[in-house]
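K.L.:
okay, here's the prediction I keep looking at, along with the sequence it came from:
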Amino acid sequence: MKNHRFNLRVFFSILLCGISLFCYSDNGVAVGLFRLTRCSDNPSEYSISINKDADIGNGDETFHIPSQIVAEGEIYRIVQIAKRGFANCCFIKNFVIDEGIKEVGNQAFDGCSDLRSVSFPSTLSSFGECVFYNCPQLEHIDVNEANPNYDSRERCNAVIRTADNAVELGCSRTVFPKSVSQISRNAFCGCAGLTSLNIPEWIELIGDYAFSDCFRLNKIIFPENSTLQLGLSVFDGCCSLTSFNLPAGDICFSQNPFTNCENLSCFTVSPSNKEWHTNKENNALICDSVLFAACYNTTIGSEIKRIYASAFKGCRRLTGVFIPAGVVCVDAGAFSDCLNLVSVAVDNGNKVYDSREDCNCIIESQSNKIVCGSSVAIIPKSVTSIGKYAFSGMNTPAIFRIPDNVMEVEEFAFMRCNSLSQLVIPANTKLQRESFFGCTHLTNVIYEPVNKYVKSRKDLTFDNSPFLSCHNLKSVSISGENIPAIENGMFVNRKGK
């Protein structure tokens, strides 16, 4: 490896002398190690990413990301690090970002498995999301002291938004200064080195998905008797988490913070907590009679009247659920992404819901709408609609024909059903916008003649397309006409939009 090591110092000397080799393409200009792309809002400025063909050695040296490159008499002014611009640079240990860089894109350093430290310039003014996703060795983060927007006060190993004292980006070695009161959305997203978390009492707000996909995180400690507000799915995808203790204090949840925590099996609540309690099996968080957060091993008790949105979201180990007679409200999305759910039943005494004909669905009796399906659901002929998130993230048949009796499929009803490859829509069925959002394996859609709502390609637009983010959708048949040109789930003419 040493014989083939790329000498970074020599390379940058060449760049500064303006004699680097370069080539152009539709995707920008390649200059040595880098690919530069014009910024859409200012064509005289560029975003930078690593050239996929570059040999960057074994990471013994600090890697500088330049704000200016001179090549063949051209001066390239660089102000952005592109989305995933330096992703999977596995041998780089230290990044130093030069003065002049203003923006860092989403997941800019994703998968830099040997990255130890990053230094940001005084000119930096904005960050994308999940910048350090899956950087397990990252321990040191520093911001130039002259930066008016961000700081890393008290050597905290974090990027702090100066105006509102919020942690914008963190790592496994982040220390929360007492002057910090918030943790921003996605601040620790994909922090692969984080194994335990102790939230100090001066933190008042944790933003949406702040610790999402911290897949090694196995211990969370909240302070006693503090005031703390949590955003959506704060610990989403923390698959090593098996238990959580909720202390006393004024703790407010916007939604189940433990979505997609597939191995979570135990909740405990401080006896001093007057608002929250758990069930006798210690595997559910309950407020009054609302089941707010559940585990794959949770049994819904007779005291429960409402199952909150996302209560079971992402419980991949959940295989069966029984809805007692006392449940009067099952929120949309309560069981979304329960990939292996195969048994669904409702107590015969329930006056709001039923599971008629052993259909393995929860059906709203008065409206005949499915509010929760399963991977083995059989849709009864009496059902007239499929509700929001009803089959979201579940295993559906690869070839699926919506039954004739279903008049409407609501938004996100089959979101991310990635086993689905072919869909047939009968003449009387209306699909709401994004009803099949993100079905990435869906390749063919057939509207049976003559569908009342889609009669030609002009009836499907970005504003109403059911198939947004179905990236592999190749054709849609409408009234017998096959339309092959599909992009991002909507119609696009191959010769121009």
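P.N.:
Done, it's in.
K.L.:
any weak-confidence spans in this structure?
P.N.:
In the predicted model, the chain carries pLDDT under 70 at residues 1-27, 56-60, 484-497.
K.L.:
mind listing the helices for it?
P.N.:
Counting by DSSP state H, the chain has helices at residues 8-17.
K.L.:
what about the residue nearest to Ser336 when sequence neighbours are not counted, distance to Asn144?
P.N.:
Counting by C-beta to C-beta, 6 or more residues apart in numbering, Ser336 lies nearest to Ser392, which is 3.9 Å off, once chain neighbours are set aside. For the C-beta atoms, the positions are set from N, CA and C on the backbone; glycine is no exception. Distance, Ser392 to Asn144, by C-beta to C-beta, to the nearest Å: 44 Å.
K.L.:
neighbour-wise, which of those two wins?
P.N.:
Neighbour count, other C-beta atoms under 10 Å: between Ser392 and Asn144, Ser392 has more, with 23 against 16.
K.L.:
where's that one relative to Ala332, distance?
P.N.:
9 Å.
K.L.:
and for Val269?
P.N.:
In this view, Val269 and Ala332 are 27 Å apart by C-beta to C-beta.
K.L.:
Phe127 against Ile101, yeah?
P.N.:
No - contact criterion C-beta atoms under 8 Å: Phe127 and Ile101 do not qualify, at 11.4 Å.
K.L.:
show the contacting residues for Val454.
P.N.:
Counting by C-beta atoms under 8 Å, 6 or more residues apart in numbering, Val454 touches 425, 447, 460, 478.
K.L.:
cutoff 7 Å now
P.N.:
447, 460, 478 (C-beta atoms under 7 Å, 6 or more residues apart in numbering).
K.L.:
switch these over to TSV; also include neighbour count.
P.N.:
Output for the contacts of Val454, formatted as TSV (neighbours: other C-beta atoms under 10 Å):
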residue	neighbour count
Tyr447	25
Leu460	23
Ile478	23
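K.L.:
among those, which ones are in strands?
P.N.:
With DSSP state E as the criterion, strands contain 447, 478 from among those.
K.L.:
looking at the contacts of Val454, which is nearest Gly105?
P.N.:
Leu460 (31.0 Å; C-beta to C-beta).
K.L.:
ok, Glu61 to Lys93 distance?
P.N.:
8 Å.
K.L.:
one more: Ala158?
P.N.:
Distance of Ala158 to Lys93, computed by C-beta to C-beta: 19 Å.
K.L.:
between those two, point out the one with more neighbours.
P.N.:
The neighbour comparison of Ala158 against Lys93 (other C-beta under 10 Å) goes to Ala158, with 27 against 18.
K.L.:
surely that one and Val167 touch.
P.N.:
Yes - assessed by C-beta atoms under 7 Å, Ala158 is found in contact with Val167 at 5.1 Å.
K.L.:
any chance of the contacts of Val454 in CSV, with distance to Met407 too?
P.N.:
Output for the contacts of Val454, formatted as CSV (distance: C-beta to C-beta, whole Å):
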residue, distance to Met407
Tyr447, 15
Leu460, 19
Ile478, 19
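K.L.:
out of the contacts of Val454, which is nearest to Tyr150?
P.N.:
Nearest to Tyr150 among the contacts of Val454 is Leu460, at 43.5 Å by C-beta to C-beta.
K.L.:
how about that closest one, phi and psi?
P.N.:
The phi and psi values for Leu460, taken as degrees, to the nearest 10, are phi -110, psi 110.
K.L.:
closest to Ile199 out of the contacts of Val454?
P.N.:
Leu460 (46.6 Å).
K.L.:
quick one, what contacts Gln422?
P.N.:
Gln422 neighbours (C-beta under 7 Å, 6+ apart): 398-399, 443-444.
K.L.:
out of these, which are inside strands?
P.N.:
Reading strands off these with DSSP E, I get 399, 444.
K.L.:
let's have the contacts of Gln422 in TSV, adding distance to Glu262.
P.N.:
TSV is the format used below for the contacts of Gln422 (distance: C-beta to C-beta, whole Å):
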residue	distance to Glu262
Ala398	24
Ile399	28
Thr443	28
Asn444	31
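K.L.:
can I get the buried part of the contacts of Gln422 as one ChimeraX selection?
P.N.:
Buried members of the contacts of Gln422 can be picked out in ChimeraX with the line below, counting by 16 or more other C-beta atoms under 10 Å:
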select :443,444
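K.L.:
no more questions from me, cheers.
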